[in-house]
Structure formats: structure tokens, C-alpha cells
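[1] Here is my input, please return the structure:
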Amino acid sequence: MKLYPWLIKPYNNIVQQYQKKKAHHAILIKTPRGIGVSLLIWFISKWLLCLKPIGLNSCDKCHGCKLMSANNHPDWHNFTLEKNNLFSIESVRIINEKIFTCSRQGGSKIIFLSDTGKLTESAINAFLKTLEEPPRKTWFFLVNYKNLNSHSTLNSRCLIYKLFIPEEKKSLYWLKKETVKKNRSCLTALRINQGSPLYAKKFINSNLWIDRINFYECLHDSFKKNNLLKILPLITEKDSQVKIDWICFLLFDSIKFYFNENDNLTNSDQIELIQFFSYNYKNTILDTSIRTWLHCKYRLSNISGINCELLLSEQLLIWEKILNFS
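    Sure, this is the predicted structure:
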């Protein structure tokens, strides 16, 4: 296991602060998802718990390093929740139990809180007291994905460190080495996943990527036959909202193509289909199409118990009318 190339500089910056004895006891990392912040924190923690670090690197040989590599270090406390769960006051009580007991290995103790957005208001208030005067050699790593300043008091107790999406060229270079896909496919996967190289890699190697290719082929065929209901089984089968996004991305690309913004296309691997829309439909029609699809997606995600197949059938018929199908 090794650090992703875009995390090397942040790793060096943070570890150097520990080397100089100038590190803050609590670091709050604000970052988008999908660039590997958990791995970054794991490597920093491994260095902190290493018994014989070599410069900016952990030795990989001592007992501390072996325990970290086995995910079994007693002084490394990773607080990660399931998707819909929250950190409560009980979670803070457990954290306090960990930090106010002696280090099992006689060195540092580390608390990793994976998502501050999952802290309840009462948990935040309790956690503030913990952050004020922690025991010596206790380090906190917190992650915030929403980049909000709603908890200003919590922010004031921490050193804020911001991670950004890597430059597209660097992500593309890495992604091409990690997959066997062509350059256009890698670029498309990156842009569909808002520049996240890790999500792009997962996407391009998944069945969802194949579903996308098949979906666009079926969409093109349905236009040739003037029958959009042909794509209904593909939309309703699974991931309906994702497929609505695919339609909207394609329509946005067609508008971009009209304005010669070819370098900014999301679906750079679907030029033929983008040209088809751009050449055959005015931008006002494409814009209206996008708006109706977004409204459909909103209803799909916000109206409980809605009949998905009926809603999407209605939307496809509305779209045929907007496109003036005969």
C-alpha cells in the first residue's frame, strides 16, 4: 500500500510540522470525497506511531508499524460510521475513554473522526470540551466533506487543512496507468465523477461503465426510430437517477458543442451522439429537455412511494413532445 501521488505533498507538509514539534493537536481536513483522505491520515498516523521513523517515512519494521499494517494498533482509534448513522454523545464518551487512559505502546494516541458532518449538535458540544485540553501526545484527525463553516466553534479548536481535487492532467496520467481504457474514456470517467480519480477508477472498471455505453447506444437507436420508450426498461431496471444524470450530461455537452467548447465536454467518448443532438435540436429545446429531466429526478427522489415506471414513462412521452417527434 502506498500514497497516491497527489497526497505526497500534503503528507510531507503535515509530517514536517510534527518533526518540528509545531503541529496542532487537532487537524481538521476539509476535502471533497474520492481523493483518499483516509489513506493520508493512516500514513500520517503510522509515522506518528512508528518507533524508529526515518525522516518523513515510517520504518515499516518496528512493532508499531507492523501493528498499523495489520490494522491492529491499540493506540490508533478509527471512528467510522455506516452511511446513515450519526456520532452521538455516546461516541464522544467512548473517545474520552480512549484518550484518558494510558497509551498501550507508551507513545502517541490518535483519534480519527471520519466525518464531522455526522456529529449531532449535542455531540459537537461535548467534543469541544475534549478538544480544549487533551492529554499529552494525543492527536486528533477530523474530516469534513461539506466544507461548511456551520460549526465555527469546532473549527476554532482545530488547524484547518484543505485538500483539493488533483489537477486533471495529473489525475488522467494516474488513471491511464491504473486502467487499460483509452484516454477519452479515462477523461470521461474523471469528469462524470467531478474530478475524483478514485471514483473514476472504480466507475470505469465497474459494470456501471458498461451499462452507460449500452444505454447511450440504445438512446441513439431510439432516436433513429422515433420511439423513446425503447429506453424505458434500461432506465427503470436500476440506478434510474444515475441514468437521468447521463441524459442531462449528454444534453449539456450538446449545448457546449454548439459553442465550440469541445475541450470541456463531459462525455468526450460520445462525440457522435453529442453531434447528433447539437445538429438536430436547438439549444432552447435542449435546455427545456434538461429542465424536465431534472424535475423528473426531483420527483423521483423526493416523493415517497411514487411509481417509478409510470413517472419515467410520462417523462419520455413529454420529451418526445418537446422534441417534436412525429
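
[2] For the stretch 151-300 of the chain, which segments are assigned as helices?
    Here the stretch 151-300 of the chain has its helices, by DSSP state H, counting those that start in this stretch, at 152-156, 168-178, 183-192, 197-204, 207-224, 232-237, 240-258, 271-280, 283-302.

[3] If we go by neighbour counts, what in the shortest one is buried?
    In this case it means helix 152-156. Of the residues in helix 152-156, those buried under the neighbour-count criterion (16 or more other CB atoms under 10 Å) are 154-155. The C-beta positions use only the backbone N, C-alpha and C, and glycine is treated the same way.

[4] Could you list every helix and strand that that helix packs against?
    Applying 3 or more CB pairs under 8 Å, 6 or more residues apart in numbering; DSSP states H and E, one finds that helix 152-156 contacts helix 121-132.

[5] In CSV, list the C-alpha atoms belonging to the helix it packs on.
    In CSV, the C-alpha atoms belonging to helix 121-132 read as follows (Å, rounded to 0.1, in the frame of the first residue of the first chain):
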residue,chain,number,x,y,z
GLU,A,121,-25.3,19.1,17.9
SER,A,122,-25.0,17.7,21.4
ALA,A,123,-22.0,15.5,20.3
ILE,A,124,-20.2,18.6,19.0
ASN,A,125,-20.8,20.5,22.3
ALA,A,126,-19.4,17.5,24.2
PHE,A,127,-16.5,17.0,21.8
LEU,A,128,-15.4,20.7,22.2
LYS,A,129,-14.6,20.1,25.8
THR,A,130,-12.5,17.1,24.8
LEU,A,131,-10.6,19.2,22.2
GLU,A,132,-9.8,22.0,24.6
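
[6] quick revisit: now mean pLDDT too, for the helices of the stretch 151-300 of the chain, in CSV please.
    Formatted as CSV, the helices of the stretch 151-300 of the chain follow (pLDDT from 0 to 100):
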stretch, mean pLDDT
helix 152-156, 83
helix 168-178, 94
helix 183-192, 95
helix 197-204, 96
helix 207-224, 95
helix 232-237, 93
helix 240-258, 97
helix 271-280, 96
helix 283-302, 97
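
[7] For residue 97, find the nearest of the ones you listed.
    Put simply, out of those the one that sits nearest residue 97 is helix 152-156, at 20.6 Å, with distance taken as CB to CB.

[8] Quick one: residues in contact with the closest one.
    Where contact means CB atoms under 8 Å, 6 or more residues apart in numbering, the residues beyond helix 152-156 that reach it are 28, 116, 119, 124, 127-128, 131, 149.

[9] Buried ones among the residues you listed?
    The neighbour-count test (16+ other CB under 10 Å) applied to the contacts of helix 152-156 identifies 28, 116, 119, 124, 127, 131 as buried.

[10] what's the nearest residue to the fifth one if we skip its chain neighbours?
    The shortest distance from residue 127 to any non-neighbouring residue, by CB to CB, 6 or more residues apart in numbering, is to residue 92 (5.0 Å).

[11] Count the neighbours of the one you found for me.
    As a burial measure, residue 92 scores 23 neighbours (other CB atoms under 10 Å).

[12] how close does it sit to residue 30?
    Applying CB to CB, to the nearest Å, the value for residue 92 to residue 30 is 21 Å.

[13] go on, residue 283?
    Where residue 30 is concerned, residue 283 sits at a distance of 37 Å (CB to CB).

[14] quick one, strands of the stretch 1-150 of the chain?
    Under the criterion DSSP state E, counting those that start in this stretch, the stretch 1-150 of the chain carries strands at the ranges 26-30, 76-79, 109-113, 138-144.

[15] As CSV, those with mean pLDDT would be great.
    Output for the strands of the stretch 1-150 of the chain, formatted as CSV (pLDDT from 0 to 100):
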stretch, mean pLDDT
strand 26-30, 94
strand 76-79, 89
strand 109-113, 92
strand 138-144, 93
